[in-house]
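Colleague: Give me a model of this one.
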Amino acid sequence: MMFPSPMQYGQRYSMLVTYSLMAANVAVYAALLVGGLPLYTALAQTGSSFFGGEYWQVFTAMFVHFDIFHIGFNMIALYYFGRLNEISYSRGEYLAIYFGAGLLGNAVSLVLIPLDVQTGGASGAIFGLIGSYAARNRNPASVALALVYAVFILLASSGPGVNDYAHVFGVVGGFALGLLFTRVRPPE
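Modeller: All right, here's what the predicted structure looks like:
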């Protein structure tokens with residue numbers, strides 16, 4: 001199936017985690033519009049700030065978006081892959097994948113991106129959801145589809161402040177956690 005649907009898995013319950021993550025991202029975006037540069041400086045990730053003691057940035061950068069297109073593309077991807085993951089994993093596993101992949105991508109990028117470059121976005125965490133979808137549906141078609149989506153999102157979201165390393169390591173982290181959780185609780 002070219003466009004997987006949660007309905008194929010018999011989804012009949014609320015998408016609480018996905019909607020909550022989307023709401024948090026939109027709320028932070030709205031706060032950034034009001035708070036401006038000082039809030040961006042406090043929440044977006046830069047290596048110099050992180051290594052200077054602003055350790056929260058590795059987490060808060062997952063909610064920072066630089067323009068309407070950035071958050072728009074990310075929320076569409078979060079809705080799509082979030083709902084596929086929400087029916088495949090428990091809420092705790094889903095959150096572990098989302099935040100684990102996002103944190104891994106941001107942490108690794110701290111040593112790969114120049115210290116003065118400001119980055120942000122939910123893409124690393126969302127790429128983790130793409131990776132976990134591929135891990136859950138370990139067949140060549142699902143893996144190929146996940147890779148096509150990942151490349152598309154990577155191309156659509158590239159630009160200033162976009163952390164491509166978070167994308168790559170987000171997929172890796174999501175795939176690894178997806179494999180771990182499906183080994184603990186195999187696919188039905």
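
Colleague: List the contacts of Leu115.
Modeller: Thr46, Gly47, Ser48, Phe51 (C-beta atoms under 8 Å, 6 or more residues apart in numbering). In this view, the C-beta of every residue, glycine as well, is placed from N, C-alpha and C.

Colleague: Make a markdown table from those residues and add secondary structure and distance to Tyr79 to it.
Modeller: Below are the contacts of Leu115 laid out as a markdown table (DSSP: H, G, I helix; E, B strand; the rest coil; distance: C-beta to C-beta, whole Å):
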| residue | secondary structure | distance to Tyr79 |
| --- | --- | --- |
| Thr46 | coil | 29 |
| Gly47 | helix | 31 |
| Ser48 | helix | 34 |
| Phe51 | helix | 34 |
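
Colleague: Most neighbours among those residues, which one?
Modeller: Thr46 (21 neighbours; other C-beta atoms under 10 Å).

Colleague: and Phe152, how many neighbours does it have?
Modeller: Phe152 has 12 neighbouring residues, counting by other C-beta under 10 Å.

Colleague: Which helix or which strand is home to it?
Modeller: For Phe152, the element it lies in under DSSP states H and E is helix 140-156.

Colleague: Next: Asn85.
Modeller: Residue-wise, Asn85 maps onto helix 68-86 under DSSP H and E.

Colleague: List the buried residues for that helix?
Modeller: 70-71, 73-75, 77-86 (16 or more other C-beta atoms under 10 Å).

Colleague: Check stretch 95-112 too.
Modeller: Neighbour-count burial for stretch 95-112 [16+ other C-beta under 10 Å]: 96-110.

Colleague: For the chain, give me the ranges with low pLDDT.
Modeller: The chain contains residues with pLDDT under 70 at 1-13, 153-162, 184-188.

Colleague: Which residue would you name as the spatial centre of it?
Modeller: Ala125 (1.8 Å; C-alpha atoms, centre = their mean).

Colleague: Contact partners for that one?
Modeller: Contacts of Ala125 (C-beta under 8 Å, 6+ apart): Met62, Tyr98, Phe99, Ala101, Gly102, Gly105, Gly170.
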